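Participant: sequence and predicted structure below; questions after.
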Amino acid sequence: MTREGPTVDTECSTIWNPIHTDIRLAHASGLPDIVVHGTETMARAVTAVLDDQDLGRWTVGRLATRFTGMVVPGETVTVHRTDPRPDPAGHVIGFRSTRSDGATVLQGSVELVPRG
């Protein structure tokens, strides 16, 4: 996660919470650093999950996520995914994202359905 990510995400999403952009306020709130938006963590994870899917054939039908930990800029986050499992409408790919200390920060699933 980059240091600029939270500021870019704040401006693009119009989610203005200073714990994402103001180090002094983050420290005053007891945080070790500014915090990466959960939506940025989720977007990066879903992008990694969908990276090798044939999106000409499939589209996202449903996305479900659960945030379970905090990410600060500079941390490495790894996305682990399951093999797609068949679903009556398409297939579902489960995933979880972990920090370099092994803590899970996000878990969820993406349901892909046929395009058209």
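Facilitator: On my side now, so go ahead.
Participant: okay, and the most centrally placed residue in the chain sits in which element?
Facilitator: Closest to where the C-alpha atoms of the chain average out (CA atoms, centre = their mean) is Met42, at 1.6 Å. Assigned by DSSP states H and E, Met42 belongs to helix 38-50.
Participant: tell me the mean pLDDT over that helix?
Facilitator: Averaging pLDDT along helix 38-50 yields 92.
Participant: mind listing what's buried in that helix?
Facilitator: The neighbour-count check on helix 38-50 (16 or more other CB atoms under 10 Å) flags 38, 40-42, 44-46, 48-50 as buried. Every C-beta, even on glycine, is put in place using the N, C-alpha and C of the backbone.
Participant: other residues contacting that helix?
Facilitator: The contact list for helix 38-50 (CB atoms under 8 Å, 6 or more residues apart in numbering) reads 1, 5-6, 9, 13, 15, 60, 63, 65, 67, 71, 77, 79, 81, 93, 95, 97, 105-106, 108, 110.
Participant: helix or strand next in line after it, which one?
Facilitator: Using DSSP H and E, the helix or strand that follows helix 38-50 in sequence is strand 58-67.
Participant: ok, back up a step: how far off strand 58-67 does the helix holding Met42 point, in degrees?
Facilitator: Counting by axes from the mean of the first three to the mean of the last three CA atoms, to 10 degrees, helix 38-50 lies at 140 degrees to strand 58-67.
Participant: name the helices or strands packed onto the helix or strand harbouring Glu11?
Facilitator: Glu11 is part of helix 5-13, with elements assigned from DSSP H and E. Here helix 5-13 touches helix 38-50, going by 3 or more CB pairs under 8 Å, 6 or more residues apart in numbering; DSSP states H and E.
Participant: can you give me how far the lowest-mean-pLDDT helix or strand in the chain is from the chain middle?
Facilitator: Each helix and strand of the chain was given a mean pLDDT (mean pLDDT, DSSP states H and E); the minimum falls on strand 85-87 at a mean of 73. Distance of strand 85-87 from the chain centroid (CA atoms, centre = their mean, to the nearest Å) equals 22 Å.
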